[in-house]
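Student: A predicted structure for the sequence below; I have some questions about it.
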Amino acid sequence: MTAHALPRIEDAAARVPHREPVPAPRGLAITARSLEKSFGVHPVLRRIDLHVPAGQFVAIVGRSGCGKSTLLRLLLGLDPPSAGRFWFGDRAEATPGPGAVRIMFQEPRLLPWAQVLANVEVGLGDGGRAAEARQRALATLRSVGLDHRRDDWPAVLSGGQQQRVALARALVSRPQVLAFDEPLGALDALTRISMQRLLEQVWLDQGFTAIMVTHDVAEAVTLADRVLMIEDGEIALDVAIDLPRPRERGSSEVAELEGRILRELIKNAAPGDDA
């Protein structure tokens with residue numbers, strides 16, 4: 001991106017960065033209009049207008065307590081808005097099918113009494129015959145590089161391996177929207193970079209719509225097509241990340257965009273605020 005003014009919301013929504021050819025996006029678009037959320041008398045989000053095209057990768061950043069995760073939950077339909085509305089796809093009345101919307105959390109939330117393959121099968125619910133479900137779960141586990149650990153218990157896996165299992169569990173239903181709520185926050189630096197590359201690859205391969213909440217601005221710029229910054233309950237910044245893939249964390253282009261977003265994050269920060 002050049003040094004001129006930051007793009008408007010419409011610009012960031014429409015622009016798609018260069019990447020290697022992939023199948024047409026099979027993700028669902030997400031649209032929010034005048035979305036608001038309050039807890040009691042305390043407003044958290046105000047006047048959120050947003051359109052995420054099908055197949056786009058969006059990262060949401062902001063200081064702690066700004067409403068990032070609240071926005072994520074509203075956009076997925078996990079929590080009801082206090083005002084406004086949102087919808088998936090092109091029609092407000094459309095309803096995603098079973099397994100179409102999935103979310104990964106910072107904690108893997110694996111079942112400790114179930115082996116790795118059985119944990120992945122949980123993502124299928126009751127759909128399909130047992131043999132077919134097992135084959136799909138095994139194929140998905142293979143896609144995250146852990147088919148050789150299919151019979152292990154979660155307790156013997158590293159933190160990064162547990163998150164790979166959680167990713168396979170989310171992917172096995174072939175979601176059209178996959179959300180990430182700080183899924184890499186507890187990992188060491190090298191494992192985190194490896195997981196970032198894996199997330200990017202499965203997104204490129206499968207074409208789902210991705211929404212990630214992260215405190216790590218460099219991670220947001222490295223992975224996303226578009227970065228939203230939440231400030232005072234509103235979208236204060238909406239930046240298209242027009243960089244070729246794969247991106248190298250620490251490259252001059254990534255560092256320039258990271259610096260611009262960080263300056264916006266800290267310029268109005270009160271003493272004691274966390275970024």
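Tutor: Nice, thanks for sending it over. Residues are numbered from 1 along each chain as shown.
Student: Run through the chain and note the low-pLDDT ranges.
Tutor: Scanning the chain for pLDDT under 70 picks out the ranges 1-25, 91-94, 126-129, 268-275.
Student: what about the strands in it?
Tutor: Remark: strands assigned in the chain by DSSP state E are 30-39, 42-52, 57-61, 83-88, 101-104, 177-181, 209-213, 226-231, 234-240.
Student: among those, which is nearest Ala166?
Tutor: Evaluated with C-beta to C-beta, those place strand 101-104 nearest to Ala166, the distance being 5.6 Å. Any C-beta I mention is one placed from the backbone N, CA and C, and that applies to glycine too.
Student: can I get the CA coordinates of that closest one in PDB?
Tutor: Only the C-alpha atoms of strand 101-104 are listed here, as PDB (Å, rounded to 0.1, in the frame of the first residue of the first chain):
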ATOM      1  CA  VAL A 101     -20.100 -21.800  10.900                       C
ATOM      2  CA  ARG A 102     -17.300 -22.900  13.200                       C
ATOM      3  CA  ILE A 103     -15.100 -21.200  15.800                       C
ATOM      4  CA  MET A 104     -11.700 -21.900  17.300                       C
END
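Student: Longest helix in this structure, please.
Tutor: helix 189-206 (DSSP state H).
Student: picking up where we left off before, I'd like the strands of the chain as CSV, with mean neighbour count appended.
Tutor: Shown next, in CSV, are the strands of the chain (neighbours: other C-beta atoms under 10 Å):
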stretch, mean neighbour count
strand 30-39, 17
strand 42-52, 17
strand 57-61, 27
strand 83-88, 17
strand 101-104, 21
strand 177-181, 24
strand 209-213, 25
strand 226-231, 24
strand 234-240, 19
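Student: Output those strands in CSV, with distance to Asp147 appended to each entry.
Tutor: Below are these laid out as CSV (distance: least, C-beta to C-beta, whole Å):
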stretch, distance to Asp147
strand 30-39, 32
strand 42-52, 32
strand 57-61, 26
strand 83-88, 32
strand 101-104, 19
strand 177-181, 20
strand 209-213, 23
strand 226-231, 33
strand 234-240, 37
